[in-house]
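In: coords please:
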Amino acid sequence: VEPRSFVGELSEMLPNKSILVADVGQNQIWCANNFKIKEGRFLTTGGMGTMGYSVPAAIGAKLARPTREVVVVCGDGSFQMCMNELGTMAQNKIDIKIIIMRNVRLGMVRELQYKNYGGRYSGVILDDKAPDFTKIAEAYNIPSAVASSNEEADKIAAEMLKHKGAFMLVCNVSPDTPSI
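Out: Model (predicted):
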């Protein structure tokens, strides 16, 4: 999935008063540059770098505005820092849509190490250490799907937005996709 264009398509699909919550990192940049806010909100940490912010923030947003569509966009590294919140969502039937940009990297840090340190990587390559997020969603009875192209991602996102209840979409993204 090419995340920048997918985020642009996602913004067109969402109802006007939707709330988009982006985690820190490349997904935050992809959302900030490509999501078109209509009458809704874009929640993010700004420059604070708080990995794992998105899902708990989305829960708060949904509880504050229960009639609005709330969508999370996060990376696979950030999601692993807050995936325990799936339990909160399932137990309380909180209708949040989660999109995980799975590039098996701590993408922003990897990008900075590539640009500033000649590609000497430290602690940023997840590869076979990244879990199967669909199995984790299944453990909480949250439906999920995986997309490996923009066409698949667009189709699944449209279905996800019609679904009543929580849903997780995992988008396989090239590890070399830059922030901008």
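In: touching, residue 35 and residue 8? I think so.
Out: Yes: contact criterion CB atoms under 8 Å: residue 35 and residue 8 qualify, at 7.3 Å. The C-beta positions use only the backbone N, C-alpha and C, and glycine is treated the same way.
In: quick one: which of these two has more around it?
Out: Shown here are residue 35 and residue 8; by other CB atoms under 10 Å, residue 35 has more neighbours (21 against 16).
In: next up, the contacts around the spatially closest residue to that one that is not a sequence neighbour.
Out: The shortest distance from residue 35 to any non-neighbouring residue, by CB to CB, 6 or more residues apart in numbering, is to residue 11 (4.5 Å). Neighbour list for residue 11: 20, 34-38 [criterion: CB atoms under 8 Å, 6 or more residues apart in numbering].
In: distance check, residue 11 against residue 150.
Out: 14 Å (CB to CB, to the nearest Å).
In: just residue 35 next, same as before
Out: From residue 35 to residue 150 the distance is 15 Å (CB to CB).
In: now swap in residue 93 and tell me
Out: 31 Å.
In: these two touch, right, residue 141 and residue 90?
Out: Yes: using CB under 8 Å, residue 141 makes contact with residue 90 at a distance of 6.3 Å.
In: what about these two, which has more around it?
Out: Neighbour count, other CB under 10 Å: between residue 141 and residue 90, residue 90 has more, with 16 against 10.
In: that one against residue 139, yeah?
Out: No: counting by CB under 8 Å, residue 90 stays clear of residue 139, with 9.1 Å between them.
In: for the closest residue to residue 53 other than its chain neighbours, which residues are in contact?
Out: Among residues not flanking residue 53 along the chain, residue 45 sits closest, at 5.0 Å (CB to CB, 6+ apart). Listed by CB under 8 Å, 6+ apart, the contact set of residue 45 reads 23-24, 28, 53.
In: okay if I get these as CSV plus pLDDT and neighbour count?
Out: Formatted as CSV, the contacts of residue 45 follow (pLDDT from 0 to 100; neighbours: other CB atoms under 10 Å):
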residue, pLDDT, neighbour count
23, 94, 29
24, 87, 24
28, 92, 25
53, 95, 23
